[in-house]
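Student: here's a sequence, model it:
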Amino acid sequence: MRKKTLSVVIVSTMVLLSFALFSCATAPMGESEKKQKQDSVRDMANATLSQVYAKYPAAKSEISNAAGYAVFSDFGMKIMFMGGAKGSGVAVDNATKKETFMKMVELQPGFGVGAEIFRVVFVFETPKAFNTFVTSGWEVGANAMAAAKAKAMGGGESGAVTLSAGAKIYQLNEEGLIVGVSITGAKYYRDGELN
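Tutor: Sure thing, here's the model as predicted:
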């Protein structure tokens with residue numbers, strides 16, 4: 001009986017967080033506000049890349065020689081048995097330098113309390129992996145994260161963790177320290193307002 005009650009509480013919390021994350025509708029923004037938000041995302045991306053390069057100098061050539069990359073800043077919060085995060089970022093095609101502004105949402109089951117800002121850098125080794133990410137969006141489930149963590153064992157030299165075929169990931173916390181990969185139940189998709 002207690003397990004059933006706990007399951008109901010967890011499911012209810014997940015549903016409420018989902019509505020909270022997706023229901024933040026706003027009025028259409030003007031061109032100056034749009035440009036300001038785009039510049040803010042670019043500044044975040046540049047600062048994040050600088051921190052990755054400072055910690056792992058080899059990452060600079062890895063990212064510049066990749067088909068493309070994406071940088072996200074996420075704000076996560078966890079209360080009791082459920083947490084979530086939402087954020088924004090930009091994906092850049094290295095061949096054309098075209099930017100695609102994107103959003104993300106994440107649900108984080110598990111016990112905890114607190115808030116955290118973290119940043120994620122995706123490195124796409126192939127044009128196919130990059131194009132799938134920006135055109136179709138991307139979902140990262142628990143199975144993908146478990147596989148990524150298994151591949152990370154002993155591979156700390158580069159700092160990146162292989163997430164799937166043609167894609168690697170770096171994750172940093174607010175202080176710029178590499179914190180390992182912990183995204184689960186995350187969805188990345190195009191930002192309809194900033195593109």
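
Student: next, count neighbours for Phe101.
Tutor: Around Phe101 there are 20 other residues, counting by other C-beta atoms under 10 Å. C-beta coordinates here come from the backbone N, C-alpha and C atoms, glycine included.

Student: same check on Asp43?
Tutor: 10.

Student: ok, now Glu62?
Tutor: 18.

Student: alpha carbons only: can I get the strand or helix carrying it in CSV?
Tutor: Using DSSP states H and E, Glu62 falls within helix 58-64. Below are the C-alpha coordinates for helix 58-64, written out as CSV (Å, rounded to 0.1, in the frame of the first residue of the first chain):
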residue,chain,number,x,y,z
ALA,A,58,42.4,19.5,-26.7
ALA,A,59,38.7,20.2,-26.8
LYS,A,60,39.2,23.3,-28.9
SER,A,61,40.5,21.4,-31.9
GLU,A,62,37.9,18.6,-31.3
ILE,A,63,35.1,21.1,-31.4
SER,A,64,36.4,23.2,-34.3
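
Student: same for that helix, what does it pack against?
Tutor: helix 31-55, strand 99-124 (3 or more C-beta pairs under 8 Å, 6 or more residues apart in numbering; DSSP states H and E).

Student: list the buried residues for the first one?
Tutor: Meaning helix 31-55. By 16 or more other C-beta atoms under 10 Å, the buried positions in helix 31-55 come out as 37-38, 41, 44-45, 48-49, 51-52.

Student: that older thread, got a list of contacts for the helix holding Glu62?
Tutor: With contacts defined as C-beta atoms under 8 Å, 6 or more residues apart in numbering, helix 58-64 is touched by 49, 52-53, 69, 94, 121, 123, 158-160, 168, 170.

Student: and which of the buried residues of helix 31-55 is nearest Gly176?
Tutor: Gln51 (4.1 Å; C-beta to C-beta).

Student: thought Gly176 was touching the closest one, still the case?
Tutor: Yes. Gln51 lies in contact with Gly176 (C-beta atoms under 8 Å); the separation is 4.1 Å.

Student: mind listing the residues bridging to the closest residue to Phe122 other than its chain neighbours?
Tutor: Closest residue to Phe122 apart from its sequence neighbours, by C-beta to C-beta, 6 or more residues apart in numbering: Ala70 at 4.4 Å. Judged by DSSP bridges, the bridge partners of Ala70 are Ala91, Phe122.
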